[in-house]
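Q: Give the three-dimensional model of this entry:
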Amino acid sequence: RTLNMMSALKNPYRHHIRHLLNSKSLYRSLSSASANINGSSLQDGGDSNPHYPHMFTPLDLGPDIGSLPNRVIMGSMHTGLEGHSIPKLMLPLLNAEDDHTDLTEMACYFAERAKGGVALMVTGGVSPNRQGWVGPFAGKLSTETECDRHKVVTEMVHSIQIPSYGANATETARICLQILHTGRYAYHPFAVSASSTKSPISPFQAKELSTSDVKATIRDFVNCAVLAKEAGYDGVEIMGSEGYLINQFLVSKTNQRNDEYGGDSFANRMRLAVEIVTETRKACGLDFIIIFRLSMLDLVKDGSSWEEVKALAQALENAGVTIINTGIGWHEARI
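A: Residues are numbered from 1 along each chain as shown. You can find the predicted model right below:
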């Protein structure tokens, strides 16, 4: 099981979320909410889980974004519903019968979760470019055509109203798109990373990104976020954990560069993460949720130290993130 701590930061955009959600207690709280959703106890604020007394209270994300009706957040999971990016002319060759442009199943999946009262949901990972694909022709968002496919998801989710417990009001359900660049974890021969290394869980040697390639990748992240906003998403989650591309830049294990994005200086190694957030905030404005998935504990040799984790979190706060979502362990970790 993965334990995620959702932490909204103290900056001009937001406030703190201080509650680590234990899966069993969360289940009991949600069950209690479902049982009482048509009654008066939760509406009056009188019934709450003693371990998490603030779970069903609104969460203020700042004046430009507004409040979530509760503090239940559904983290990103690979569902296989994110579509793929196979060109239409190739579909007959692959005997593909499904409509790769239709994300209705994904829309229905998240709408059902919203009906259960989840205030904010995060999609499975979608790549900002071809190099970042999870596998060949995996889900990608880099064009207007791909943007249009996602509108059915956001429209269906936004049709759901979530009760705001303790107040006789409702809020629209919200959803963020996770931007995932796999780096050297890519299952295709176009894999790239901070340095030319090979992951023990992937058959392909990653190519080192040049300095100009790094800057182009930053632009691709920002473009993906802009298109996500155009598609109706309330924000994005930037995947910087679990050993994916941004995480690969952060640690000396996979970053042996000698330019402004590498070396012995952690300020250089975290530059990619900070610049992605900074440029995304500039491009998407103050009314857009930016979640950063931060690796709290890498569980690999030469991973980030605790001091480096804290330094990155503070830098991301200054760059304008709304929420920090913490992950634990690279996918290649032995434990």
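Q: The protein: strands as residue ranges?
A: With DSSP state E as the criterion, the chain has strands at 6-8, 59-60, 67-68, 73-74, 120-126, 161-164, 169-172, 174-179, 192-193, 207-208, 235-240, 289-297, 323-328.
Q: Now tabulate those strands in a markdown table and tack on mean pLDDT, mean neighbour count and distance to residue 134.
A: Heads up, the C-betas are built off the backbone N, CA and C, glycines and all. Below are the strands of the chain laid out as a markdown table (pLDDT from 0 to 100; neighbours: other Cβ atoms under 10 Å; distance: least, Cβ to Cβ, whole Å):
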| stretch | mean pLDDT | mean neighbour count | distance to residue 134 |
| --- | --- | --- | --- |
| strand 6-8 | 38 | 23 | 24 |
| strand 59-60 | 92 | 18 | 31 |
| strand 67-68 | 94 | 20 | 29 |
| strand 73-74 | 96 | 18 | 20 |
| strand 120-126 | 97 | 25 | 7 |
| strand 161-164 | 91 | 18 | 31 |
| strand 169-172 | 90 | 14 | 30 |
| strand 174-179 | 98 | 26 | 12 |
| strand 192-193 | 98 | 24 | 14 |
| strand 207-208 | 98 | 16 | 17 |
| strand 235-240 | 98 | 27 | 11 |
| strand 289-297 | 97 | 24 | 15 |
| strand 323-328 | 96 | 22 | 17 |
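Q: OK, contacts around residue 177?
A: Neighbouring residues of residue 177 by Cβ atoms under 8 Å, 6 or more residues apart in numbering: 122, 123, 126, 141, 150, 224, 228, 231, 233, 235, 236, 237.
Q: Residue 176 - nearest residue in space that isn't next to it in sequence?
A: By the measure of Cβ to Cβ, 6 or more residues apart in numbering, the closest residue to residue 176 outside its immediate chain neighbours is residue 235, 4.2 Å from it.
Q: so that neighbour touches residue 178, yeah?
A: No - taking Cβ atoms under 8 Å as the contact criterion, residue 235 and residue 178 are not neighbours in contact, 10.2 Å apart.
Q: Just list the residues touching the residue nearest to residue 176, thanks.
A: Per Cβ under 8 Å, 6+ apart, neighbours of residue 235: 174, 176, 177, 228, 288, 289, 290, 291, 322.
Q: The last one contacts residue 61, correct?
A: Same thing as residue 322. Yes - counting by Cβ under 8 Å, residue 322 does reach residue 61; the two are 5.9 Å apart.
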